[in-house]
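Asker: Sequence plus predicted model, see below.
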Amino acid sequence: MSTAAVTDKRHSTLRAASLPRWTPWVIAAGSLVLGIGISMAAGLDSQVQWGLIAAVLFVLGTFGVAARVEGRRQAKDRVATSLVWVAFLLAVVPLVSLIWVTVVRGVKVLDVYFLTHSMGVVADTEPGGGIYHAIIGSLEQVGLATLIGAPIGVLTAIYLVEYGRGRLAKAVTFFVDVMTGIPSIVAGLFILSLMLIFEMQPFGFAGSLALAILMMPVVVRSTEEMLKLVPNELREASLALGVPKWRTILKVVLPTSVGGITTGIMLAVARIAGETAPVLLLVFGNPFINNNPFEGAQASLPLYIYQQFANSAGSGAAFDRAWAASLTLIAFVMILNLVARGIARWKAPKTGR
Amino acid sequence: MAKRIDVSGLTAFYGSHKAIEDISMTVEPRSVTAFIGPSGCGKSTFLRTLNRMHEVTPGGRVEGKVLLDDEDLYGAGIDPVSVRREVGMVFQRPNPFPTMSIFDNVAAGLRLNGNYKKSELNDIVEKSLKGANLWNEVKDRLNKPGSGLSGGQQQRLCIARAIAVEPDVLLMDEPCSALDPISTLAIEDLIGELKERFTIVIVTHNMQQAARVSDRTAFFNLAAVGQPGRLIEIDDTERIFSNPSVQATEDYISGRFG
Amino acid sequence: MDISTTTDVPPPASQPTIAERKRAARGATRPGDRIFLGLSRGSGILLLVIMAAIAVFLTYRAVLAISKDHANFLTTFEWNTNVLEPKFGIAVLVFGTIVSSVIAMVIAVPVAVAIALFITHYAPRRMSGPVAYVIDLLAAVPSIVYGLWGALVLVPHMNGLFGWLNDFFGWTGVFSWDEGAPRSMLTVGILLAIMILPIITNVSREVFRQVPQMHEEAALALGATRWEVVRMSVLPFGRSGVISASMLGLGRALGETMAVATVLSPSFDIQASLLNPGGGTFAQNIASKFSEANEFGRDALIASGLVLFVITLLVNGAARLIIARRAEYSGANA
């Protein structure tokens, strides 16, 4: 009896009613128009609402049409597809908005003057001034953090890949993972607790230490991945020639993976360059130019953005400066990212696949 | 139930690369047809065009006709999903769904297509597992994961899964290449039983296997590396292995190349 | 795990190297090897020391502060440290941190999983690369820029949505709105969702990409639609990966400082409604209260930071454990 049931269902033809290829586009366009129409009629003024209404109409419309023509299974499939597309658009909207707003508002005051002057004689609520002092502070703090964090990170990765075994290596691996998840403000509080004990005032290098802590696990992870890509045959070939292990690592393993390691370090630099919280606690901010990271409060780009936003009582001039500084920071981070990816592609180890 | 396959002028591409060219053949219902030939000659690609799995590969595309009892699989309005439901497939490596139990694996295809009562499902699963000669080995642990079985058992589980939806045709892509000799024997016996109910097409690297299980044998070859694969000849298995009409077939079978 | 032990049987020609390698690894027959091993092992140990130091020093300062707290540190709805009898507690912060992170997760996880599926299974092939790149860009934007954007662009856009939620769901209490500036937990949660989207997407994407082709073909050959393939093969395979990805995202959301500090209009009480401004999170509270805090106030903030540290440790540790278990699981089946 069950066989009969199966046979009956089985004799459906291979042909299935299916919607033409352009259907999703038509439904999308239709729901967009309808969404905007409904919103206008209901007097909704926020584009967020328009978009949400259109998205809901799109998903429902797809299901309705497909369920009618193609059947439930195909309809479910199409709904899943449309949901996935909606999700993708949802992610693109904020990114586009963020980049667009930053560029449009940022270019208003971003010029050579802005890049070469400090806020020394400018009140936060007045127009004028610039970010020279913040750029100096950022470069020094991030540079020092990299000088500390990168070597320690790379050496730790070498230990884990080339020497590591036993309990110590396991512990290091685990805590590197855990360290990746430390909130930046906690790293800042850690250095702050040391400063409180030694009764120190804020200075640039304190921020560097916190940034270095945030940088290390990132460098370890990426360097580890790169070292693991170096084929063992290379190591063995070198060792078989009687080259000591440390020279093998220095002369064979590291040069082979130097591109990937550099990429990892640059991505880590890009990440810490945007950190605000630890700098806020440890470097404090300073409207004047302070070239010495080891004494006295300094500025930094992300901190500058925050302070222009927070301390300016809604002044348009301060917001303009915040956007311009954001544009500078994003440009810096993006360039680092692009160069890092370029290096990765250019120096990619030939794994012989 | 078992259906006849008529292929005419079939050419398959991977992107711009032509993998097989201008293949025509007929596969009779309730028979076993074996595809043999050297590696890279496109026999697996051809097999995958018969249930429209080839186009799943990125860049995969097909020209020509595949008629399943007079209905062109590549015709307008044909739903590839329905095609795959009627033309079942067993793969080179056993691939039961790792997170599903043995029972759920067999029932997976049925659950996709409509609502079955629990008792109906039980009947079909039992029947399919019996059909795959696996029932006696697993009837006490139907709720255990399918990945716990041996390789040969997993492959028979995959066969049970494929036949549970009662397809017209069963395609087998080197189903024994990952198995030991005893499991291979079990599968070969099973193929002999299944051909009573299904049209079976099997790709194999093992010529003895082709000789043992198939009624008809098709020999594929390619002119040179990078050239598309072609069908050299198809004939009764006995004839292919005793007195083939093309010299290349004889060379291949007697082990002079490939 | 030493990589040299994972090689296959080496060819006879390299037999002598094994002995040599072992000698080199065991330790330090040559000064060069000894120094190099010392340096690299030292770096590893330094990392452990830093972790331990973070725990120890935060705890030390926290104990200093909590011992002088004239109220219950866990249950007090107040943060008053610049007075003779300081009273401060983290109840509001615990609530706010959890609420904002939960909102972020509820929004971000489904969207991130969908985007990961989009990249691996749905997007036209020419599109999936650029889309993955766009997601990476989202990850590269500094959090302070998100904060600025959130405060100056997102917040005004929330008015319409909030009015709507209030109209339709205001009766629940959770979505009632007094028409104040929408600098509330919901806005914070939405902004956090945008910020943690990339990390969840990227990890999920990697997991989905590793789904063996043969599992997907198994479903396809049974006549499954694309969605059914995803449901039968991709999602079950990727489930634990998605869970751990979400935990990593949660870790980020819990500790995010600047984006919350710029968007939220804080207060030291618990709002029943997600739409009305108020509340606070650990990180935001530290950033906002820091500049006006004296030394004791800073210790109190460190005490709250210690709680945040422990919470993120637990969340991240759990995520790593899930990943590790998955690695063993898939290794056993390979």
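Answerer: Thanks, I have it. Residues are numbered from 1 along each chain as shown, chains lettered A, B, ... in the order given.
Asker: Need the contact partners of the helix or strand hosting B:Gly109.
Answerer: Taking DSSP states H and E as the criterion, B:Gly109 maps to helix B:102-112. Helix B:102-112 is contacted by residues A:73, B:85, B:96-97, B:100, B:116, B:121, B:124-125, B:128-129, B:138, B:141-146, B:149, B:157-158, B:160-162, B:164-165, C:219, C:222-224, C:228, C:232 when judged by CB atoms under 8 Å, 6 or more residues apart in numbering or on different chains. Backbone N, C-alpha and C define where each C-beta goes, glycine included.
Asker: residues making contact with the following helix or strand past that helix?
Answerer: Next helix or strand after helix B:102-112 toward the C-terminus (DSSP H and E): helix B:118-131. Residues from elsewhere that reach helix B:118-131 (CB under 8 Å, 6+ apart): A:2-3, A:5-6, B:103, B:106-107, B:110-111, B:116, B:135, B:138-139, B:142, B:157, B:160-161, B:163-164, B:193-194.
Asker: hmm, which of these are the buried ones?
Answerer: Neighbour-count burial (16 or more other CB atoms under 10 Å in any protein chain shown) applied to the contacts of helix B:118-131 gives A:2, A:6, B:103, B:106-107, B:110, B:116, B:135, B:138, B:142, B:157, B:160-161, B:163-164, B:194.
Asker: Give me the contact status of stretch A:262-278 with chain C.
Answerer: Yes - Stretch A:262-278 reaches chain C (CB under 8 Å from any CB of the partner chain) through A:270-271, A:273-277.
Asker: Could you verify that C:Thr312 is part of a helix?
Answerer: Yes - judged by DSSP: H, G, I helix; E, B strand; the rest coil, C:Thr312 forms part of a helix.
Asker: Contact partners for it?
Answerer: Shown in contact with C:Thr312 (CB under 8 Å, 6+ apart): A:181-183, A:186, C:251, C:254-255.
Asker: Which ones among the contacts of helix B:102-112 lie within helices?
Answerer: Applying DSSP state H to those, the entries found in helices are A:73, B:85, B:121, B:124-125, B:128-129, B:138, B:157-158, B:160-162, B:164, C:219, C:228.
Asker: which two in those are spaced the farthest apart?
Answerer: A:Arg73 and B:Val138 (29.0 Å; CB to CB).
Asker: Nearest to chain A within chain B, name that residue for me.
Answerer: Closest to chain A within chain B is B:Asp79: 3.6 Å, counting by CB to the nearest CB.
Asker: oh, I was asking about the stretch 201-334 of chain C
Answerer: C:Gly255 (2.4 Å).
Asker: measure that residue to chain B for me?
Answerer: As judged by CB to the nearest CB, to the nearest Å, C:Gly255 and chain B stand 33 Å apart.
Asker: which one is that residue nearest to, not counting chain neighbours?
Answerer: Once flanking residues are discounted, C:Gly255 sits nearest to A:Pro183: 2.4 Å by CB to CB, 6 or more residues apart in numbering or on different chains.
Asker: Neighbours of the one you found, how many?
Answerer: When neighbours are counted by other CB atoms under 10 Å in any protein chain shown, A:Pro183 registers 26.
Asker: so what's it up against?
Answerer: Listed by CB under 8 Å, 6+ apart, the contact partners of A:Pro183 are A:277, C:251, C:254-257, C:283, C:308-309, C:312.
Asker: Then A:Ala28?
Answerer: A:Ala28 makes contacts with A:Phe58, as judged by CB under 8 Å, 6+ apart.
Asker: Repeat that for the one 4 residues further on.
Answerer: Neighbour list for A:Leu32: A:54, A:58 [criterion: CB under 8 Å, 6+ apart].
Asker: Correct me if wrong, but it is in a helix.
Answerer: Yes - according to three-state DSSP, A:Leu32 belongs to a helix.
Asker: Kindly provide the distance from B:Val169 to B:Leu110.
Answerer: B:Val169 is 18 Å from B:Leu110, where distance means CB to CB, to the nearest Å.
Asker: A:Val104 now?
Answerer: A:Val104 sits 57 Å away from B:Leu110, going by CB to CB.
Asker: what ranges of chain A fall below the confidence cut-off?
Answerer: Applying pLDDT under 70 to chain A flags the ranges A:1-13, A:45, A:348-353.
Asker: sec struct for the spatially most central residue of it, please.
Answerer: Centroid-nearest residue in chain A, with CA atoms, centre = their mean: A:Arg271, separated by 6.7 Å. For A:Arg271, the assignment made with three-state DSSP gives helix.
Asker: Next up, the contacts around it.
Answerer: Counting by CB under 8 Å, 6+ apart, A:Arg271 makes contact with A:214-215, A:218, C:140.
Asker: what about stretch B:7-25, distance to the chain center?
Answerer: Remark: stretch B:7-25 is offset 18 Å from the chain centroid, using CA atoms, centre = their mean, to the nearest Å.
Asker: From start to finish, how long is it in a straight line?
Answerer: Taking CA to CA, to the nearest Å, stretch B:7-25 runs 5 Å from one end to the other.
Asker: Tell me if that stretch is near chain A.
Answerer: No - using CB under 8 Å from any CB, we find that stretch B:7-25 stays clear of chain A, coming within 15.7 Å at best.
Asker: For the helix or strand B:Ile187 falls within, buried residues please.
Answerer: B:Ile187 is part of helix B:181-194 when elements are defined by DSSP H and E. Applying a neighbour-count criterion of 16+ other CB under 10 Å, one finds B:183-184, B:186-188, B:190-191, B:194 buried in helix B:181-194.
Asker: before we move on, what about stretch A:72-79?
Answerer: Residues A:73-79 are the ones in stretch A:72-79 that count as buried (16+ other CB under 10 Å).
Asker: same check, this time on stretch B:147-164
Answerer: Buried residues in stretch B:147-164 (16+ other CB under 10 Å): B:147, B:149, B:152-164.
Asker: The stretch 251-353 of chain A against chain B: which residues are in contact?
Answerer: Counting by CB under 8 Å from any CB, the stretch 251-353 of chain A has no residue next to chain B.
Asker: need the helices for the stretch 251-353 of chain A, in chain order.
Answerer: For the stretch 251-353 of chain A, helices defined by DSSP state H, counting those that start in this stretch occupy the ranges A:254-273, A:277-282, A:301-310, A:316-346.
Asker: Drop anything exposed from the residues of stretch A:262-278 next to chain C.
Answerer: Burial by neighbour count, judged by 16+ other CB under 10 Å, picks out A:270-271, A:273-277 from the residues of stretch A:262-278 next to chain C.
Asker: residue of the stretch 1-150 of chain C with the smallest distance to chain A?
Answerer: C:Pro142 (2.4 Å).
Asker: how about the nearest residue to that residue, chain neighbours excluded?
Answerer: A:Gly274 is the one closest to C:Pro142 (CB to CB, 6+ apart), at 2.4 Å.
Asker: what number of residues lie near C:Val92?
Answerer: 23.
Asker: Next up, identify which helix or strand it is on.
Answerer: Using DSSP H and E, C:Val92 sits within helix C:91-117.
Asker: what's the following helix or strand after that helix?
Answerer: Going down the chain from helix C:91-117, the next helix or strand is helix C:125-140, by DSSP H and E.
Asker: Which of the residues in that next one are classified as buried?
Answerer: So helix C:125-140, judged by 16+ other CB under 10 Å, has buried residues C:128, C:131-132, C:134-135, C:137-140.
Asker: got those as TSV, with distance to B:Phe91 columns?
Answerer: Putting those into TSV (distance: CB to CB, whole Å) gives the following:
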residue	distance to B:Phe91
C:Ser128	25
C:Val131	30
C:Ala132	29
C:Val134	35
C:Ile135	33
C:Leu137	39
C:Leu138	38
C:Ala139	37
C:Ala140	41
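Asker: Next to chain A, which bits of the stretch 51-200 of chain B? Give me the list.
Answerer: Contact residues, the stretch 51-200 of chain B versus chain A (CB under 8 Å from any CB): B:68, B:71, B:73, B:77-79, B:81-83, B:86, B:112-114, B:116, B:119-120, B:123-124, B:127, B:165-166.
Asker: give me the low-pLDDT residue ranges for chain C?
Answerer: C:1-29, C:326-334.
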